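next input, structure requested:
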Amino acid sequence: MTTTTRQPQTIENNMRIYDSYTDLEKKIMDDTGCKIYSGTGINNRLERESSILRSVDDTSYYKDDLSNPCNISYTLCGQIGDQDLNHRLNKTLLDPKKIKNIYLYRKVLENGKCMGYMWYGKYKLDRNNIKKKIHPDRNGNLRKIYLCTLTK
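Numbering: from 1, shown residues only. Predicted coordinates for the structure are as follows:
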């Protein structure tokens, strides 16, 4: 019996869509040396001075903009109420002494169904260009959010 492994689909800008989370985990481990956890959008890995960020399509309480893969707007952590730059995940991500390598992946949804995972790769974080916006939280209440800029 022959088993074939489907290769990830390659799309524009040499990004790939992985059908399974396991395949994405392997790619991230190969590229970064870091293990990710699916339960959080900011995966800080201090032992590698790295952070792996996750963006999920159609998340109404965040304002991520991945339309230009070379210049991404990423919402910091916090789903309900005002976001806090001193929240442990945000504070660590924004500390250049602790985090030197930043990577991004996206959970691709279509009509609420997971269609795969897109690996965007390594970015630079402009820590001097954090923008404050007003945006609904998970409960629909207006709150302050923070957007950071990721560039290739």
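
okay, CA-based contacts and neighbour counts for the rest of this
Fine.

okay, now residue 52: neighbour count?
Residue 52: 24 surrounding residues under other Cα atoms under 10 Å.

Provide the partner residues of it in its beta bridges.
For residue 52, the beta-bridge partners under DSSP bridges are residue 43, residue 103.

I figured it hits residue 106, correct?
No. The pair formed by residue 52 and residue 106 falls short of the contact definition of Cα atoms under 8 Å, at 10.6 Å.

how about residue 144, phi and psi?
Backbone geometry at residue 144, expressed as degrees, to the nearest 10, gives phi -90, psi 130.

what sits against it?
Neighbour list for residue 144: 81, 82, 83, 132, 133, 134, 135 [criterion: Cα atoms under 8 Å, 6 or more residues apart in numbering].

mind showing which ranges of this structure have poor pLDDT?
Counting by pLDDT under 70, the chain contains low-confidence ranges at 1-14, 38.

what about the strands in it?
Per DSSP state E, the chain carries strands over the ranges 9-10, 16-18, 42-45, 50-56, 71-75, 101-110, 113-136, 142-151.

now render those as JSON lines, adding distance to residue 95.
Converted to JSON lines, those look like this (distance: least, Cα to Cα, whole Å):
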{"stretch": "strand 9-10", "distance to residue 95": "33"}
{"stretch": "strand 16-18", "distance to residue 95": "29"}
{"stretch": "strand 42-45", "distance to residue 95": "11"}
{"stretch": "strand 50-56", "distance to residue 95": "11"}
{"stretch": "strand 71-75", "distance to residue 95": "16"}
{"stretch": "strand 101-110", "distance to residue 95": "11"}
{"stretch": "strand 113-136", "distance to residue 95": "8"}
{"stretch": "strand 142-151", "distance to residue 95": "13"}
